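Asks: can't give you the sequence, but here's the structure:
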């Protein structure tokens with residue numbers, strides 16, 4: 001027969017075991033929850049800080065202003081597709097630079113458009129002159145000097161964010177015009193929920209305020225990014241078709257962020273007043 005003291009000890013042991021089981025279960029749930037949170041934060045960090053993209057900080061790695069390490073999206077397998085683009089036009093990249101931002105010469109109240117004649121097709125862009133006058137004025141100046149002519153688009157991201165980055169005469173991600181322009185239009189009504197919508201053209205930068213130069217990125221699919229990159233134009237329907245063709249060919253690393261497999265070269269860039 002079990003004594004009262006033995007029964008008391010048995011109940012105490014059972015209570016202890018139940019407590020241990022609850023604690024073990026709680027620790028297991030906490031580990032699962034923390035792992036899920038870490039995974040979500042990783043995705044947000046990749047998508048928002050990235051590509052940098054400019055990855056994705058969408059970075060303009062000008063030697064004078066580069067202060068941040070580049071963050072890239074998570075790897076994803078991709079196969080190299082056939083190059084869908086033509087051979088570049090004959091000509092050489094100009095390497096001239098300037099010490100300061102060009103004087104304002106555009107009419108801020110007028111409409112301007114930019115055309116990128118590339119090896120993959122023409123990309124038309126309606127520029128947001130009144131919202132980003134310094135940016136549009138700089139592109140008008142640089143295009144007039146032939147600065148973008150014969151330059152490659154050096155970066156394509158296909159994971160996390162979805163952009164084609166161009167505007168570096170060195171083709172390495174660290175070139176620029178020698179001057180910086182201020183950030184503009186960061187409260188554009190199109191930038192909702194930290195997303196740059198497909199069809200946006202925006203400035204790359206070093207991750208620091210007012211560090212844009214000549215590098216820019218073309219968004220071919222909605223991309224989660226903080227509103228830190230000057231949006232200064234909208235890409236035409238035909239231009240989007242060209243961008244999607246370039247994106248479909250993939251990028252060189254298979255990790256979702258590298259040189260495009262397509263031979264994307266800007267044969268000629270022009271800015272015109274409409």
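Replies: Right, received. Where do you want to start? Given the structure is predicted, the values throughout are model-derived calculations rather than measurements.
Asks: check contacts around the residue lying closest to residue 210 once chain neighbours are set aside.
Replies: Among residues not flanking residue 210 along the chain, residue 182 sits closest, at 4.7 Å (C-beta to C-beta, 6 or more residues apart in numbering). Glycine gets a C-beta too; all of them are placed from N, C-alpha and C. Counting by C-beta atoms under 8 Å, 6 or more residues apart in numbering, residue 182 touches 134, 210, 212.
Asks: and stretch 203-211, which residues are buried?
Replies: 203-207, 211 (16 or more other C-beta atoms under 10 Å).
Asks: show me those that map onto strands.
Replies: The members of the buried residues of stretch 203-211 that map onto strands under DSSP state E are residue 203.
Asks: now, among the buried residues of stretch 203-211, which is nearest to residue 92?
Replies: Closest to residue 92 out of the buried residues of stretch 203-211 is residue 204 (23.3 Å), distances taken as C-beta to C-beta.
Asks: in terms of pLDDT, where does that closest one sit?
Replies: Looking at residue 204, its pLDDT reads 98.
Asks: as TSV, the contacts of residue 182 with pLDDT would be great.
Replies: Formatted as TSV, those follow (pLDDT from 0 to 100):
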residue	pLDDT
134	98
210	98
212	98
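Asks: so which of the residues you listed comes closest to residue 92?
Replies: Checking the contacts of residue 182 one by one against residue 92 (C-beta to C-beta), the nearest turns out to be residue 212, at 25.1 Å.
Asks: can you tell me how far the residue nearest to the closest one when sequence neighbours are not counted sits from residue 229?
Replies: In space, and not counting its chain neighbours, residue 212 is closest to residue 203: 4.0 Å by C-beta to C-beta, 6+ apart. Residue 203 sits 6 Å away from residue 229, going by C-beta to C-beta, to the nearest Å.
Asks: which ones are touching residue 84?
Replies: Counting by C-beta under 8 Å, 6+ apart, residue 84 makes contact with 120, 245-246, 248-249, 262.
Asks: so it lies in a strand, does it not?
Replies: No: counting by DSSP: H, G, I helix; E, B strand; the rest coil, residue 84 is not found in a strand; it is coil.
Asks: and it, how far from residue 245?
Replies: Residue 84 sits at a distance of 5 Å from residue 245 (criterion: C-beta to C-beta).
Asks: intersection of neighbour lists for the two?
Replies: With contacts defined as C-beta under 8 Å, 6+ apart, the residues shared by residue 84 and residue 245 are 120, 262.
Asks: helices or strands next to the host helix or strand of residue 244 in the packing?
Replies: Counting by DSSP states H and E, the element that carries residue 244 is helix 237-248. Identification of packing neighbours for helix 237-248 by 3 or more C-beta pairs under 8 Å, 6 or more residues apart in numbering; DSSP states H and E yields strand 121-127, strand 163-166.
Asks: which of those is buried the deepest?
Replies: Of all the helices and strands packed on helix 237-248, strand 163-166 has the most neighbours on average by mean count of other C-beta atoms under 10 Å, namely a mean of 29.
Asks: the next helix or strand after that one packs against which elements?
Replies: Per DSSP H and E, strand 163-166 leads on to strand 195-196 as the next helix or strand towards the C-terminus. With contacts defined as 3+ C-beta pairs under 8 Å, 6+ apart, strand 195-196 has these neighbours: strand 223-224.
Asks: direction included, what does the strand it packs on pair against?
Replies: strand 195-196 (antiparallel) (DSSP bridges).
Asks: OK, contacts around the nearest residue to residue 184 once chain neighbours are set aside?
Replies: Among residues not flanking residue 184 along the chain, residue 132 sits closest, at 4.1 Å (C-beta to C-beta, 6+ apart). Going by C-beta under 8 Å, 6+ apart, residue 132 touches 184-185, 230-232.
Asks: farthest pair in the residues you listed?
Replies: The most distant members of the contacts of residue 132, if one measures by C-beta to C-beta, are 184 and 231, lying 8.6 Å apart.
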